[in-house]
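Undergrad: here is a sequence with its predicted model. Questions after.
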Amino acid sequence: MEVGLQNKLESIQVLRFIAAFSVMMVHLPLLGFGSWGVDIFFVISGFIMMFVTEKENKFFFIKRLVRIVPLYWCLTILIFVTSVFLPQYLNNTSDNFLHLIKSLLFIPFDKNGTGHFPVHFLGWSLNFEIIFYLLFASSLFLIKNFRALLVSILIILFVLISSFFSDKNFVFNVYSNTIILEFIFGIIIFYIWKKYQGTLNKSRLYIPTMILFLLISYLLIIGLFRPEFEHLNYRFIRFGFPSFLLVLYFILFLDNFKFPKTLVLLGDSSYSLYLIHPFIIQFSYKVFNFENSMIGFNHYLLTLLIVFLVLVFSIITFTKIEKPFNLILKKWLNLK
């Protein structure tokens, strides 16, 4: 998140927390749902990239790397070191040096037959983020004033080309996933927000419009989640479109809402939350000797404890490690 955005759009920060929290729920054995959090992140990313390049796009790609690389690399290396000295604490990660290099360079690979999972398994989503940043940076380099249209065309062409070669190469197979189209949803939201920001909440039709929006969104989402659509391999529709509606709602109707500072801080810490929660979950289950399939009061208590620890350590990681390190790198690289 670029400096200044959180001060103008707290709703986006809060939504980032919701997205990261949803992903965490997927990995809590008692819950096991919330994978749409990644889709929310992708839609938000499309919006944010448009927002931060509206007036200034100098060093765009470098700034994005500074934002996501340091913490991700540190945790990836930590996992790899664990695979060397304490492999019993890991499930599918081995001390494969080539896997480490590909993970650090955001190159997809099949991890020991389990699929597209880097050394830090959540890095699969960052591989898509990096591709989006590259395509977006290309659009800025070619035609800055038409970046939205150009990057959307580049994304669609990228998916089509990847699909054509998907049966010949694992990397192309990964990038044939239509989830990458969700970034375009965020780009569309930016233009809607730019046109209507600050106007709806001053209108007499604010409440009726919000109610109508929620009603239509509910009906559309219920329709997409009907059983007959479960077999469709179009995640950008089943999860991406509901995420589009959610982000649009927060942007249009909650843009001036004053959220609690703690909630905004958790939004600021969402990247840390996203990357560190698997460590805390895995460590907690090992320490308390719990099996994922166990059900009972103690398991519910453990889940609450894990959630609390994840939130606390996310804030600590963000304020004491992620944010200071990013500021140091920006100063060292002379990035404003």
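TA: Everything's here; your move.
Undergrad: mind checking which helix or strand of this protein has the lowest mean pLDDT?
TA: Scoring the helices and strands of the chain by mean pLDDT, DSSP states H and E places helix 5-8 at the bottom, with a mean of 46.
Undergrad: after it, heading C-terminal, what element do we hit next?
TA: Downstream of helix 5-8, the next assigned helix or strand under DSSP states H and E is helix 10-26.
Undergrad: what distance separates that next one from the centre of its chain?
TA: Relative to the centre of its chain, helix 10-26 is centred 9 Å away, using Cα atoms, centre = their mean, to the nearest Å.
Undergrad: just the C-alpha atoms of the next helix or strand after it, please, in CSV.
TA: Downstream of helix 10-26, the first helix or strand assigned by DSSP H and E is helix 36-52. Provided in CSV are the C-alpha atoms of helix 36-52 (Å, rounded to 0.1, in the frame of the first residue of the first chain):
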residue,chain,number,x,y,z
TRP,A,36,-12.4,-15.7,-1.8
GLY,A,37,-10.1,-13.5,0.3
VAL,A,38,-7.5,-13.8,-2.5
ASP,A,39,-10.1,-12.7,-5.1
ILE,A,40,-10.8,-9.6,-3.0
PHE,A,41,-7.1,-8.9,-2.8
PHE,A,42,-6.8,-9.1,-6.6
VAL,A,43,-9.7,-6.7,-7.2
ILE,A,44,-8.3,-4.3,-4.6
SER,A,45,-4.9,-4.5,-6.3
GLY,A,46,-6.4,-3.5,-9.7
PHE,A,47,-8.0,-0.5,-8.0
ILE,A,48,-4.9,0.5,-6.0
MET,A,49,-2.6,0.4,-9.0
MET,A,50,-4.8,2.8,-10.8
PHE,A,51,-5.0,5.0,-7.8
VAL,A,52,-1.3,5.3,-7.0
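Undergrad: who does helix 36-52 touch, helix- and strand-wise?
TA: Packing contacts for helix 36-52, counted by 3 or more Cβ pairs under 8 Å, 6 or more residues apart in numbering; DSSP states H and E, involve helix 5-8, helix 10-26, helix 123-142, helix 182-196, helix 240-253. Every residue, glycine included, has its C-beta placed from N, CA and C.
Undergrad: distance to Asn326 and mean neighbour count for these - can I get that in TSV?
TA: Putting the helices and strands packed on helix 36-52 into TSV (distance: least, Cβ to Cβ, whole Å; neighbours: other Cβ atoms under 10 Å) gives the following:
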stretch	distance to Asn326	mean neighbour count
helix 5-8	14	13
helix 10-26	16	22
helix 123-142	16	20
helix 182-196	22	19
helix 240-253	24	22
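Undergrad: state the number of residues packed around Trp73.
TA: Neighbour count of Trp73, defined by other Cβ atoms under 10 Å: 14.
Undergrad: would you agree it is in contact with Leu104?
TA: Yes: with contacts counted by Cβ atoms under 8 Å, Trp73 reaches Leu104, the gap being 5.9 Å.
Undergrad: buried stuff in stretch 43-56?
TA: Residues 43-53 are the ones in stretch 43-56 that count as buried (16 or more other Cβ atoms under 10 Å).
Undergrad: list the contacts for Asp167?
TA: Neighbouring residues of Asp167 by Cβ atoms under 8 Å, 6 or more residues apart in numbering: Asn173.
Undergrad: helix/strand/coil for it?
TA: When classified by DSSP: H, G, I helix; E, B strand; the rest coil, Asp167 comes out as coil.
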